[in-house]
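Novice: generate coordinates for the sequence data below:
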Amino acid sequence: MVDRETVSTLDTNQIATTDLAGSPTPTNVPGPPVTAGSPEAGPLDPSQVPNPQEANREGDPETLPNAEPKGEIAPGIEGEQTVWEARYSMKNFFGRLAVRALLSLGWIALAVYAWGEGHPNAQLPTILLGILLGLFWLTLLYRIVRARYGHYYRLTNRRLFVTTGLFRRRCDQMELLHIKDVFLRESLLERWLSLGTVVVVSKESEVPTFYLAGVDEPKRVMDLVWHCARVEREGKAVQVDRV
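Specialist: Modelled structure (predicted):
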């Protein structure tokens, strides 16, 4: 006769053995290390192979914490934008162009009289006047090129640049913080043509005054320079107060 406690113990052991037999084999059990040369080692995973380029980037200065990125804007000019730029206006030469155009028409009439109507005595003076008129035109063209391409003005929200010279150029700059006064010079004819010279007076001793000669709409340019200078001064004053 079998004891009930013995039967109970056997049933419990049988259930435990069945559960162990039906459970899958654990896969996370650590085994002996497998090396690449061992027979048990399978094909290497490409994602696990170190990239030589990434390995070399460890010594690249661009990846270092204290490295400065390439193309970084130099200190002091970040946020600087061009507000206005111009050259010597062509309207300054309208009067001289008109005079030479009238002289050219007169010479053409003289040439028609000398050669068209057959007056040999007037041909030699007409040739000499034509040479003088050509030199007159060449002189004006040279002045136009020298004035037009020898004067360049650029205003940013922080500085004013004046570039002068045709073959040997010089570029002067003035910080808007140092501007003391801005005023306008214009003649009666320039006032009719909306031309003039904007004079910018600075506190600096080396370049105390800038002349923006022959610019279009000089009143607008004068107001723009003064406005940008005032905004720059107020912005710097606010930053100093906050510090």
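
Novice: quick one: mean pLDDT over the longest helix along the chain.
Specialist: Counting by DSSP state H, the longest helix found in the chain is helix 123-149. Mean pLDDT, helix 123-149: 95.

Novice: with stretch 163-177 instead?
Specialist: 93.

Novice: the chain: strands as residue ranges?
Specialist: All strands of the chain, identified by DSSP state E, fall at 82-87, 151-156, 159-164, 170-175, 179-185, 195-202, 209-216.

Novice: and of the ones you listed, who's closest to residue 94?
Specialist: strand 195-202 (9.6 Å; CB to CB). Where C-beta positions appear, they are placed from N, C-alpha and C, glycine not excepted.

Novice: residue 232 contacts residue 156, doesn't it?
Specialist: No. With contacts counted by CB atoms under 8 Å, residue 232 stays clear of residue 156, the gap being 9.7 Å.

Novice: can you point out the buried residues in stretch 86-102?
Specialist: 86-89, 92-93, 100 (16 or more other CB atoms under 10 Å).

Novice: out of these, which sit inside helices?
Specialist: Members of the buried residues of stretch 86-102 lying in helices (criterion: DSSP H): residue 100.

Novice: turn the buried residues of stretch 86-102 into JSON lines, including distance to residue 136 and pLDDT.
Specialist: Formatted as JSON lines, the buried residues of stretch 86-102 follow (distance: CB to CB, whole Å; pLDDT from 0 to 100):
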{"residue": "86", "distance to residue 136": "28", "pLDDT": "96"}
{"residue": "87", "distance to residue 136": "24", "pLDDT": "95"}
{"residue": "88", "distance to residue 136": "21", "pLDDT": "96"}
{"residue": "89", "distance to residue 136": "22", "pLDDT": "95"}
{"residue": "92", "distance to residue 136": "18", "pLDDT": "94"}
{"residue": "93", "distance to residue 136": "13", "pLDDT": "95"}
{"residue": "100", "distance to residue 136": "6", "pLDDT": "96"}
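
Novice: dump the buried residues of stretch 86-102 into CSV; add distance to residue 141 as well.
Specialist: Listed next are those as CSV, based on distance: CB to CB, whole Å:
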residue, distance to residue 141
86, 21
87, 16
88, 14
89, 16
92, 14
93, 10
100, 10
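
Novice: check what pLDDT residue 3 gets.
Specialist: At residue 3, pLDDT is 48.

Novice: skipping its backbone neighbours, what lies nearest residue 226 in space?
Specialist: Spatial nearest neighbour of residue 226, excluding adjacent residues (CB to CB, 6 or more residues apart in numbering): residue 182 at 4.8 Å.
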